[in-house]
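Undergrad: the sequence and its predicted three-dimensional model are supplied below.
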There are 2 protein chains.
Amino acid sequence: MGKAYNIMAATCPSRTVLHRIGARWTVFIVNALDNRPMRFTELKAHIRGITPKALTETLRAMEYDGLISRTEIPAHPPHVEYALTDLGRSLLTPLRAVREWAESHVPDIERARAQADARR
Amino acid sequence: MGKAYNIMAATCPSRTVLHRIGARWTVFIVNALDNRPMRFTELKAHIRGITPKALTETLRAMEYDGLISRTEIPAHPPHVEYALTDLGRSLLTPLRAVREWAESHVPDIERARAQADARR
DNA sequence: AGATACTGGTATAGAATTTATACCTTCCGG
DNA sequence: CCGGAAGGTATAAATTCTATACCAGTATCT
């Protein structure tokens, strides 16, 4: 059997999937939950610059898509734990690679930008 | 020497790099140019649903960042060829993995969404 | 009892980005 | 001089993201 889904087709369901995993903050959350579950405020502190609204919306969307689980823990004080599901963990490999690419190619990009600026 | 750049820091330059490679249409263009260079209209036809404005802006940004090259070919009729640079090709591995994840996990996501809908 | 702090969020408005749609210019063949 | 292809621009509307402030529940401090 051949390829069932193709990103390049405008109406392919894989488009909505890609749109979600490519959303502004998804890559941060997946990478943050790499080692262990985290609480809302932990995530907010770890992913610097994210607003609580953006964090809430991204977490809700990822939970809806089955990428993370949300568990209310009735301890004192009560808190909420977010963790990757098996599906979410399978996304870790590609998204960690994206993160690592970004972190390791900063000098190349900066050099290219400087050269482009110099040419004009 | 340890890690020089960290995505999680709000002001880290890797943030702007990630912002670019995570931009709406970058993953499509990188995957489209996987096998061979393409012309503007070819890309537009291949990546269904992209508008010419979005395509122009994404190509210009990627050229600025040194990910693709733009070559005007003075043949008859004259046309323009976009190709991945070495740097752009290095992005192919992670972004192809993202594409493949999206294409292969559609059923998992749809199942999760249906379950979430059923629960309410 | 009242003030204060922590957790996990909401609300609202403004700014930035994306999309839709239409149009333009150069080059050429007929 | 008409039409078509290539490679785009222009403009406005829709959508998404960001900044900033606020809120409710529980617990502890005074």
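TA: Received it, and whenever you're ready, just let me know what you need.

Undergrad: check which helix or strand the nearest residue to residue A:52 once chain neighbours are set aside maps to.
TA: Distances taken as Cβ to Cβ, 6 or more residues apart in numbering or on different chains put residue A:44 closest to residue A:52, at 6.4 Å, once the chain neighbours are dropped. (C-beta placed from N, C-alpha, C; glycine too.) Taking DSSP states H and E as the definition, one finds residue A:44 inside helix A:40-46.

Undergrad: give me the next element, helix or strand, following the lengthiest helix in chain A.
TA: If each helix of chain A is counted by residues according to DSSP state H, the longest one is helix A:86-104. Toward the C-terminus, helix A:86-104 is succeeded by helix A:106-118 as the next helix or strand (DSSP H and E).

Undergrad: could you give the angle of that next one to helix A:86-104?
TA: Angle, helix A:106-118 to helix A:86-104, by axes from the mean of the first three to the mean of the last three Cα atoms, to 10 degrees: 50 degrees.

Undergrad: next, the buried residues of helix A:106-118.
TA: Judged by neighbour count using 16 or more other Cβ atoms under 10 Å in any protein chain shown, the buried positions of helix A:106-118 are A:106, A:108, A:109, A:112.

Undergrad: shouldn't the second one be in contact with residue B:67?
TA: No - shown here, residue A:108 and residue B:67 do not form a contact pair, counting by Cβ atoms under 8 Å, at 9.5 Å.

Undergrad: find residues that contact each of these two.
TA: Counting by Cβ atoms under 8 Å, 6 or more residues apart in numbering or on different chains, the residues touching both residue A:108 and residue B:67 are residue B:87.

Undergrad: from DNA strand C, how far off is residue A:27?
TA: 14 Å (Cβ to the nearest atom of the strand, to the nearest Å).

Undergrad: and residue A:76, what pLDDT?
TA: Here, the pLDDT recorded for residue A:76 equals 78.

Undergrad: how many residues are close by it?
TA: The tally of other residues near residue A:76 (other Cβ atoms under 10 Å in any protein chain shown) stands at 6.

Undergrad: ditto for residue A:105
TA: 22.

Undergrad: need the pLDDT of it.
TA: pLDDT, residue A:105: 98.

Undergrad: with residue A:55 instead?
TA: In the predicted model, residue A:55 carries a pLDDT score of 98.

Undergrad: also residue A:119?
TA: Confidence at residue A:119, expressed as pLDDT, is 86.

Undergrad: what do you get for residue A:3?
TA: In this model, residue A:3 is scored at 68, pLDDT.

Undergrad: hey, C-alpha coordinates of the next helix or strand after the helix holding residue A:44 in PDB?
TA: Per DSSP H and E, the first helix or strand lying C-terminal to helix A:40-46 is helix A:52-64. Output of helix A:52-64 as PDB, limited to C-alpha atoms (Å, rounded to 0.1, in the frame of the first residue of the first chain):
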ATOM      1  CA  PRO A  52      -0.400  32.200  30.400                       C
ATOM      2  CA  LYS A  53      -3.000  32.600  27.700                       C
ATOM      3  CA  ALA A  54      -0.800  31.100  25.000                       C
ATOM      4  CA  LEU A  55       0.200  28.300  27.400                       C
ATOM      5  CA  THR A  56      -3.300  27.500  28.300                       C
ATOM      6  CA  GLU A  57      -4.500  27.400  24.700                       C
ATOM      7  CA  THR A  58      -1.500  25.300  23.500                       C
ATOM      8  CA  LEU A  59      -1.900  22.800  26.300                       C
ATOM      9  CA  ARG A  60      -5.700  22.500  25.700                       C
ATOM     10  CA  ALA A  61      -5.100  21.900  22.000                       C
ATOM     11  CA  MET A  62      -2.400  19.400  22.600                       C
ATOM     12  CA  GLU A  63      -4.600  17.600  25.100                       C
ATOM     13  CA  TYR A  64      -7.400  17.500  22.600                       C
END
